[in-house]
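Enquirer: got a structure for you, letters missing:
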């Protein structure tokens, strides 16, 4: 924990307005430090005193923003839902001229960490192994994501049964791929793009859509 850089605090961020009055940290700072601990150390280490020490403030300042630790954890889960589930759904809902482009829209989530936070997703799933109540929320999120992928396939001519099966294959493969090959170089991953697309589509993909996706990766420095 001591060797990693903590998240940038709002007071040190030149991109936002200076904090007013005697405010030393913001609600966003507490959430950012809590997320960092959750991802790197697990939910059991998300402790008010520990976070206060990392932020350089008294623990009493925590209660300006949250009622208690549970309130903070619920806020983290709400953020996870907006950061990951809502963005997958939004990308699946985007207009696309064909199924190839639609799949590329979906893949943007998993090549761009600014869109979908894979490490946060896995941290929440690990948390759910120790919290049976959270398991239901994970299942609901997975179902919402898969329904969006299924609808994406259906919009491009796949029947309900085929869209459901292909959507599940696509989703489960993508999560498993990141769990097993998180450090795989982007160039190696993209070298398999065309055959992967054939499998997900059941036909030859639109190579113009793939070329545009490669351009997206390059333009966003995701290599």
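Expert: Alright, I've got the coordinates. Just so we're clear, the structure is a prediction, and the values are computed from it rather than from any experiment.
Enquirer: and the lowest-mean-pLDDT helix or strand in the chain, what does it pack onto?
Expert: Least confident helix or strand of the chain, by mean pLDDT, DSSP states H and E, is helix 186-190 with a mean of 86. The contact analysis (3 or more C-beta pairs under 8 Å, 6 or more residues apart in numbering; DSSP states H and E) places helix 186-190 against helix 207-219. Yep, even glycine has a C-beta here, placed from its N, CA and C like the rest.
Enquirer: Sort out which residues of the helix it packs on are buried, please.
Expert: Buried residues in helix 207-219, counting neighbours by 16 or more other C-beta atoms under 10 Å, are found at 209, 210, 213, 216, 217.
Enquirer: continuing past the least confident helix or strand of the chain, what's the next helix or strand?
Expert: Sequence-wise, the next helix or strand downstream of helix 186-190 (DSSP states H and E) is helix 193-201.
Enquirer: Centre of the chain to that next one, how far?
Expert: How far helix 193-201 lies from its chain's middle: 23 Å, per C-alpha atoms, centre = their mean, to the nearest Å.
Enquirer: Likewise for stretch 153-162?
Expert: Offset of stretch 153-162 from its chain centre (C-alpha atoms, centre = their mean): 26 Å.
Enquirer: re the thing from before, go through the buried residues of helix 207-219 and name the one nearest residue 178.
Expert: For the buried residues of helix 207-219, the closest approach to residue 178 (C-beta to C-beta) belongs to residue 217, at 15.9 Å.
Enquirer: Run a quick check on the closest one versus residue 223, I expect a contact.
Expert: Yes. Using C-beta atoms under 8 Å, residue 217 is in contact with residue 223, at 6.3 Å.
Enquirer: possible to save the buried residues of helix 207-219 as a markdown table with pLDDT and distance to residue 50?
Expert: Output for these, formatted as a markdown table (pLDDT from 0 to 100; distance: C-beta to C-beta, whole Å):
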| residue | pLDDT | distance to residue 50 |
| --- | --- | --- |
| 209 | 97 | 47 |
| 210 | 96 | 46 |
| 213 | 96 | 41 |
| 216 | 95 | 39 |
| 217 | 94 | 37 |
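Enquirer: So which of those is the closest to residue 90?
Expert: residue 216 (15.9 Å).
Enquirer: Tell me who's in contact with that closest one.
Expert: Going by C-beta atoms under 8 Å, 6 or more residues apart in numbering, residue 216 touches 104, 108, 222.
Enquirer: Phi, psi for the last one please.
Expert: It stands for residue 222. Backbone torsions of residue 222, given as degrees, to the nearest 10, read phi -100, psi 10.
Enquirer: any idea of the pLDDT on it?
Expert: Looking at residue 222, its pLDDT reads 88.
Enquirer: The spatially closest residue to it that is not a sequence neighbour and residue 37: what is the separation?
Expert: Leaving out its chain neighbours, the residue that sits closest to residue 222 by C-beta to C-beta, 6 or more residues apart in numbering is residue 111, at 5.4 Å. As for residue 111, its distance to residue 37 is 26 Å (criterion: C-beta to C-beta, to the nearest Å).
Enquirer: Among these two, which residue is more densely surrounded?
Expert: residue 37 (22 against 18; other C-beta atoms under 10 Å).
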